[in-house]
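*Asks:* Quick one, fold the following:
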Amino acid sequence: MGALLWPGDDRAGDHLSDSAVVRAMVQVETAWLAALVEAGIAPGDAAIDLSGAVGAIDTDALAVASEAGGNPVIPLVTLLRGRLTDAEPQAAHWVHRGLTSQDVLDTALVLGLRDTADAVLAKIETQIHALAALANRHRADPMAGRTLTQHAVPVTFGLTAAHWLHGVLEASDDLHDARNRLPIQIGSAAGTLAAPAELLRLTGGRGDPITLARSAATRLGLPWSPPWHTMRAPLTRLADALTRASDAWGHIAADVLVRARPEIAELAEPAAPGRGGSSTMPHKANPILSVLIRRAALTAPNLAAQLHLAAATTVDERPDGAWHTEWTPLAELARHTLTAADQTAELLSGLHVDTGRMSRGVQFAASALLAEQHNLTRLIDNPPETDFDPSHYLGSADALIDAILKRARTHARGQR
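*Replies:* This is a model prediction of the structure:
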């Protein structure tokens, strides 16, 4: 799939598409049925794989039917029961018993977000490998450092790449943490687990409602949490981590965009047939990967802010609109982040670095780049002889590169 007005969206594949969310909701209902059977609430033949039993689901029809109740779970449950009644009557009778719509949809979104986060993290590993190689390869290649758009002091491109790497490593750590803290949401109608408790009482089932919820969580590979239907930190935490990843890539893209300008020409994106062209100017080779990565970075904060707004305006035991407004920005933010993750991995893996151009720029601006050094030298009576070579005024750049590369190596060992 793809989105006409979000070029590159096809890179996100099926993640958090309508069909993927429907499959995840069916997966949640399947896990809950199995938990009901395990607890002795439902008979053994109620525990079936619903995805195989109900067949294909028309997501467009489901979307239309969702308006009546304000969410897609209600028509989905009606569809499931209707299709199961003849072939699997026990499953039809027990499906969704003890749950509420928010349990199913929140948990389905968590499953989709977890899978999307895993895909983003895989792309980040490619970025880390590429950045570590750039930092090490170019650790001694000088370039003009710039602050507030003007020449400052000499740096190396290896240090620039190491700074990029530092940001990506930070984003990776945040996203790993947020991904691993995405829990199941089971609270029944108002977060009390009253319906599962009543089912246990009426049927003489084993255990208690929390044990039942834990059983479903285990089947879905999710941690258990007290109901978070009015405490939306799992989603805002994940949204913030996705945004921080886009921040790191936006920084890289901004640097590439500046340094790919023809008058600077220190960096260039990897070439690909048809990429970067213009509809009217045949000479153009636009750095389009960086443009699209920057687009995602500029968009992400507003999407995350929408989730924080929803969390802050949550009322009662299920809010009147705040919950509903989370779904679209969550899916868009996750898909946009995965798209940008893939684009950034491609950019960094094929980035062209013109060290000759960088070196000539340093020599041309040497007097400005060494102005700080000259000024410091004047402060000292009888200073030692100084050669005022830009390549010798790099401070601890090499040690800083080593420190960041060491962290990257530690990160790599932790992923094995």
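
*Asks:* how about low-confidence regions in the stretch 301-416 of the chain?
*Replies:* Residues of the stretch 301-416 of the chain meeting the criterion pLDDT under 70: 416.

*Asks:* where along it do the helices fall?
*Replies:* Assignment of helices within the stretch 301-416 of the chain using DSSP state H, counting those that start in this stretch yields the ranges 327-349, 355-364, 366-369, 371-378, 397-415.

*Asks:* Tell me the confidence at Val153?
*Replies:* On pLDDT, Val153 comes in at 97.

*Asks:* What segments of the stretch 1-150 of the chain are strands?
*Replies:* Assigned by DSSP state E, counting those that start in this stretch, the stretch 1-150 of the chain shows strands spanning 142-147, 150-156.

*Asks:* nearest to Arg295, of those strands?
*Replies:* Closest of the strands of the stretch 1-150 of the chain to Arg295 is strand 142-147, at 23.3 Å (criterion: Cβ to Cβ). The C-beta positions use only the backbone N, C-alpha and C, and glycine is treated the same way.

*Asks:* what's the distance between Val64 and Ala171?
*Replies:* 39 Å (Cβ to Cβ, to the nearest Å).

*Asks:* So between the two, which is more surrounded?
*Replies:* Ala171 (25 against 11; other Cβ atoms under 10 Å).

*Asks:* who touches the more buried one in this structure?
*Replies:* Ile124, Ala241, Arg244, Ala245, Asp247, Ala248 (Cβ atoms under 8 Å, 6 or more residues apart in numbering).

*Asks:* per-residue pLDDT, it?
*Replies:* At Ala171, pLDDT is 98.

*Asks:* quick one: secondary structure of the residue nearest to Gln102 when sequence neighbours are not counted?
*Replies:* Closest residue to Gln102 apart from its sequence neighbours, by Cβ to Cβ, 6 or more residues apart in numbering: His229 at 5.3 Å. For His229, the assignment made with DSSP: H, G, I helix; E, B strand; the rest coil gives coil.

*Asks:* Do you know the pLDDT at His229?
*Replies:* At His229, pLDDT is 95.

*Asks:* what comes up buried for stretch 257-269?
*Replies:* Leu257, Arg259, Ala260, Glu266, Leu267, Ala268, Glu269 (16 or more other Cβ atoms under 10 Å).

*Asks:* Touching, the fifth one and Thr355? I think so.
*Replies:* No - the criterion here is Cβ atoms under 8 Å, and Leu267 misses it with Thr355 at 10.6 Å.

*Asks:* most tightly surrounded among the helices of the stretch 301-416 of the chain?
*Replies:* Mean neighbours per residue, mean count of other Cβ atoms under 10 Å, is largest over the helices of the stretch 301-416 of the chain for helix 327-349, with a mean of 24.

*Asks:* Remind me what that helix packs against, helices and strands.
*Replies:* Using 3 or more Cβ pairs under 8 Å, 6 or more residues apart in numbering; DSSP states H and E, the elements in contact with helix 327-349 are helix 101-137, helix 233-259, helix 288-312.
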